[in-house]
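Enquirer: With the input below, show me the fold.
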Amino acid sequence: MRCRDYTCRSVGLVVASACLVAFSIKKIGDFHGYYTDRRIKWQQAFVFLQSDNCINPITRASLGSFNLCDDSERIVAKPPAMAAVYDLAADLYFQEAASLVFLDISANLHKILIVTVVMIFFVLYIMYQTYMSDISNKQLLKYHLP
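Expert: Have a look, this model is predicted:
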């Protein structure tokens, strides 16, 4: 059956728009989580830099390789919002994506199948309604006077 009007195209547009909105909401939530984590780490690093461990050069030198002042300085050098943007960009570029996608799909396979079946039935129902409407319009045109 061909799409004679914009029903099939509009269904495709609605599905694509819904996917885009869901993806955007998911990424906003991811950003918020990254920002919260980075803000907490930034505050901890800032407090650590103000402690006697980093201020006193003798204590700092005696810590040797266990000195966390350098790590704290690196964390404080980057604002939490910027670090969260970097984390989100790393997510968008799909680092280790193959394993994550496989895990997500295999863990949620039943949900994906249920949504797919419901969408297929929805599209078939709309196509059936369009087909019945076309038949009705043809019958009306058949008895229409020129």
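Enquirer: Identify each buried residue in the helix or strand that contains Thr116, please.
Expert: Using DSSP states H and E, Thr116 sits in helix 109-142. In terms of neighbour count (16 or more other CB atoms under 10 Å), helix 109-142 has its buried residues at Thr130. Glycine gets a C-beta too; all of them are placed from N, C-alpha and C.
Enquirer: Give the rounded mean pLDDT of it.
Expert: Per-residue pLDDT over helix 109-142 has a mean of 91.
Enquirer: you'd agree Arg60 is up against Cys54?
Expert: Yes - counting by CB atoms under 8 Å, Arg60 does reach Cys54; the two are 5.9 Å apart.
Enquirer: So for those two, which residues contact both of them?
Expert: Listed as contacting both Arg60 and Cys54 by CB atoms under 8 Å, 6 or more residues apart in numbering are Cys69.
Enquirer: quick one, which of those two is more surrounded?
Expert: The neighbour comparison of Arg60 against Cys54 (other CB atoms under 10 Å) goes to Cys54, with 19 against 16.
Enquirer: quick one, what contacts that one?
Expert: Cys54 sits next to 48, 60, 69, 72 when contact means CB under 8 Å, 6+ apart.
Enquirer: Tell me the spacing between the residue lying closest to the third one once chain neighbours are set aside and Pro79.
Expert: Translated: Cys69. Of all residues not flanking Cys69 in the chain, Cys54 sits nearest, at 4.1 Å (CB to CB, 6 or more residues apart in numbering). Here Cys54 is placed at a distance of 20 Å from Pro79 (CB to CB, to the nearest Å).
Enquirer: Can you report how many residues neighbour Arg38?
Expert: There are 21 residues near Arg38, going by other CB under 10 Å.
Enquirer: My read is that it contacts Ala84, right?
Expert: Yes - assessed by CB under 8 Å, Arg38 is found in contact with Ala84 at 5.2 Å.
Enquirer: all strands of the protein, in order?
Expert: Per DSSP state E, the chain carries no strands over any range.
Enquirer: Quickly list the domain ranges of it.
Expert: 29-93, 95-130 (automatic domain parsing).
Enquirer: what's the closest of these to Leu13?
Expert: domain 95-130 (12.4 Å; CB to CB).
Enquirer: from the middle of its chain, how far away would the closest one be?
Expert: Domain 95-130 sits 16 Å away from the centroid of its parent chain (CA atoms, centre = their mean, to the nearest Å).
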